[in-house]
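*Asks:* Using only what follows, build the 3D model:
(chains A and B, ligands or ions: 2)
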Amino acid sequence: MQTNELLVMQGIHKTFPGVHALAAVDFTLRAGEIHALMGENGAGKSTLIKVLTGVEHHDAGHILLNGSEINAKSPHHAQSLGISTVYQEVNLCTNLSVAENILLGREPRRAGSIDWGAMNARARELLTWLDVDVDVRRSVGEYPVAVQQMVAISRALDIDAKVLILDEPTSSLTTLETEKLFAVLRRLKEQGIGIIFITHFLNQVYAVADRITVLRNGKLVGTYDAKALPRYQLVELMIGRELEELEDLGGLKKHFEPAPGQAPVLEAKNLGQVGTLEPLNIKLYAGEVLGMAGLLGSGRTETANLLFGVDDADSGTLAVGGKVEPNPGPLASIQRGLGYCPEDRKADGVVGALTVRENIVLALQASRGWFNYLDPRKQTEIANKMIQMLQISTPGPEQLMKNLSGGNQQKVILARWLATEPDVLILDEPTRGIDVGTKAEIQKLVLSLANEGKGCIFISSELDEVLRTSHRVMIMRDRKLVAELQGEDMNEQSIMEAIAGTGVSTEDTAAAAPQHAVAAGSAR
Amino acid sequence: MKRSWSIDRKFWPLLITVSLFVLLYIYGIIQYRGFSSPQVFFNLLVDNAFLMITSIGMTFVILSGGIDLSVGAVIAFTGVLSAWLLNHFGLSPAIVIPLMLLMGVVFGATMGAIIEFFKVQPFIVTLAGMFFARGMSFVISTQAQTISDPFYRTIGLYRIHLWGKSFISANVVIVAIVLIAAIYLAHFTRFGRTVYAIGGNEQSALLMGLPVRRTKILIYTLNGFCSTLAGVVFSIYMLSGHGLYVSGLELDAIASVVIGGTQLTGGVGYVIGTVFGVLIQGLIQTIIMFQGTLSSWWTKIAVGALTLIFIGVQSIIYSSKRKRMASAQRVATATTTAPAAPATAGD
Ligand SMILES: Nc1ncnc2c1ncn2[C@@H]1O[C@H](COP(=O)(O)OP(=O)(O)OP(=O)(O)O)[C@@H](O)[C@H]1O
Ligand SMILES: [Mg+2]
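*Replies:* Ligands and ions are numbered 1, 2, ... in the order given. A predicted model of the protein is given here:
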């Protein structure tokens, strides 16, 4: 391996009001290496990237690129220095086409004017590297988060860079998509580009990274050779305590079977929407965690949207606590005792300009009606409880939401729904972007809620997570409920088969076998 | 890949605007004698040339998510200052006109720089610019001044004859040039695309490494230029200057942009829509004139109502996006999960 140091960051300090986000952090990137940056939510990973690329400015420290000191004033400046970045949240202009989002600022021109034909062709070419086939002339906002993430990555890949930075680029991608990305990364590495890669998926780190730098609470823990650092040790370094307590769910998961004559707390009969979801039946009992597995676009999120009344069903009925209500909106659903933590937190959940406390009590306040104002002391009390329970890293409940790290924002959204104390909680990818330690905490939380007699629908792309938490699993494929597994039958193998449409399911084997394995790449 | 046959939703507001214009025009022809004379249409251009120019500049500002309230005052000030320079100092129009345009550039760039560097709301900065320009007009003269410069008079009274008896003025030619340049700028230059990107999501544009700052300053500079150009065109049209002229014109310009289908929050819209926005306002005025008994203030009321309706239409189109997104999601995921099929998207 080459040892030429491409990028050196020395003694970087960065403070925000109330937070020492980076304290004397050193970081070195070699040419031709993939360097993973690891750490819990709020450890300072994104901040280090932002400082490097001129989004934020460091209070002290030096940054050297190819031996000469640089100080990026803006992302624009950083790009011109040869640093190309995909930031943590998908940052695209949804009003513009896919092609433009990839090539904005670098549009091919002919005689000084933008050559749209060449631009679309170039965009298509870049997307084929990652095997994405979309109409590049349509608005990027029309496509799901996974495609948007691929678009953002393509944009970064096209920039002629010496340093490529990817901040949690794979959070919405499936295994196959991730593999394609990795193939491209390895190729770039061969060409001598230095790559910084941030993720919470340990599998992915070991799949591509040469070296690993670990941050904890804004401080450098150390830099290690990936081959020489066993997985359990990496986790220990990240969370600063023993791995063991994470391993099991503390016996929280008990055998579940509805009592004879027990009525389901949520029951959908023939619930469907033409073109979106084929009519399906769901029974969820109090005290049960019902997992939902399936590929991206298999209808999981659509099901959740129908259950919560975000979209109106055009067939079937939905009873909550035995009561049927036709097409309730989200507000009515909250009042009926449902809670829904949506998948796309940036679009559907986070109110950046409000404080953490306000974000947490938002749904609770809405369910009470705006004139039944929740006592501020009570609000703070709830917020503090949640911050502690979910280990949200923030200086306090009055911090603005937009100042939280990506993973901590996700926790706040989860807290919002826990605060309403719903009878039925629907969680769509609740652990996306969340670190290993907290992931287990959330899984425990879901199980203890069930033990308290709540019903929970748990949607996740990570199979082992679904298996660990759920008593029963529904499998979706092609916007259809294709199988339901429980007890002995419920294991990784059987779920995979059902998802792929081989084995378990009898109907619809004609549907092309998905080319995807499920994203099973969680930490453990 | 499934391709939708329907027109992309982002064109809907533009289509509605154009259809509205056509319907109003047909209504006029059916209702009133003499409305079908081509000159009725050409007068729309002749009488609204300055409004078109300034509205085109405003389109860029609104596309970027900003606003500029100073344009009316700048037009009036340009008129007053040109009249003063021409009449009192006997300066040649060859000096006065470039000087006016330069003033617009400097004025706009200054406002843009204040907005960007001091992070002040464009609303506030351009409001201050508006008061400044109006105030300066009266500092120079409280009276209306007639422009007697032969060049201005010749151009102002010059008629370019088309077929039959119909004609346009030289100002209309300027509008045509500005329009073509603006469309080119919006769709075929990096500046133009960056304006759309900023309007779509400024934070994203910044993180994508686009020159957001420079572009925003340039947008206000461009609009400053357009408003002084409109001012020059207006003085040629009126052959006089007065600080009281065109009060509230900035709002007409904003209304034209909105009626033309541009989203007030930025990112979506077309320059050509703005032209139709102006034409619709002019047409309503003409219809009211032909009608004869209604007060001309009804034009304002109609324009106000239309603006509201258009904002309403936009928000409906926007809010139903959710559903569309859900359906697009299905198509898209189906395609991304498929193995690399040859790209079906042609040009
Ligand atoms: N603009 C800001 N103002 C105040 N605090 C901030 C700001 N940006 C980040 N922080 C704080 O700095 C700390 C580090 O945040 P950072 O986003 O770097 O975490 P991270 O390691 O990327 O976490 P995650 O895995 O959740 O993305 C957090 O405590 C966060 O709340
Ligand atoms: Mg982060």
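
*Asks:* Of all the residues in stretch A:188-207, which ones are buried?
*Replies:* Across stretch A:188-207, burial judged by 16 or more other Cβ atoms under 10 Å in any protein chain shown covers A:188-189, A:193-207. Heads up, the C-betas are built off the backbone N, CA and C, glycines and all.

*Asks:* How about stretch B:114-127?
*Replies:* Applying a neighbour-count criterion of 16+ other Cβ under 10 Å, one finds B:Ile114, B:Ile115, B:Glu116, B:Pro122, B:Val125, B:Thr126, B:Leu127 buried in stretch B:114-127.

*Asks:* Low-confidence stretches in chain B?
*Replies:* In the predicted model of chain B, residues B:1-8, B:318-347 satisfy pLDDT under 70.

*Asks:* mind listing the helices for it?
*Replies:* Secondary structure of chain B, counting by DSSP state H: helices at B:12-31, B:38-63, B:71-88, B:93-117, B:122-140, B:150-157, B:170-188, B:190-200, B:202-207, B:212-238, B:249-259, B:271-291, B:297-319, B:321-337.

*Asks:* Minimum distance to A:Glu462: which of these has it?
*Replies:* Nearest to A:Glu462 among the helices of chain B is helix B:321-337; the distance by Cβ to Cβ comes to 17.7 Å.

*Asks:* Is any residue of stretch A:202-219 near ligand 1?
*Replies:* No. With Cβ under 6 Å from any ligand atom as the criterion, ligand 1 is not reached by stretch A:202-219; the gap is at least 6.6 Å.

*Asks:* residues contacting B:Ser166?
*Replies:* Residues counted as contacts of B:Ser166 (Cβ atoms under 8 Å, 6 or more residues apart in numbering or on different chains) are B:Ser37, B:Pro38, B:Gln39, B:Phe42.

*Asks:* Is there a quick ChimeraX command that grabs whichever of those are buried?
*Replies:* One line in ChimeraX is enough to select the buried ones among those; burial here means 16+ other Cβ under 10 Å:
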select /B:42
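
*Asks:* For chain A, which residues are neighbours of ligand 1?
*Replies:* By Cβ under 6 Å from any ligand atom, the residues of chain A that approach ligand 1 are A:16, A:19, A:21, A:39, A:41-47, A:88, A:393-394, A:403-408.

*Asks:* Give me the buried entries from these.
*Replies:* The neighbour-count criterion (16+ other Cβ under 10 Å) marks A:19, A:21, A:39, A:41-47, A:88, A:393-394, A:403-408 among the residues of chain A next to ligand 1 as buried.

*Asks:* which bits of the stretch 201-350 of chain A sit near chain B?
*Replies:* Residues of the stretch 201-350 of chain A lying near chain B by Cβ under 8 Å from any Cβ of the partner chain: A:Gly275, A:Thr276, A:Leu295, A:Leu296, A:Gly297, A:Glu302, A:Asn305, A:Asp311.

*Asks:* separation between the first one and B:Phe117?
*Replies:* Here the criterion is Cβ to Cβ, to the nearest Å. By it, A:Gly275 lies 50 Å from B:Phe117.

*Asks:* just the second one next, same as before
*Replies:* If you measure A:Thr276 against B:Phe117 using Cβ to Cβ, the figure is 48 Å.

*Asks:* Done for today, thanks.
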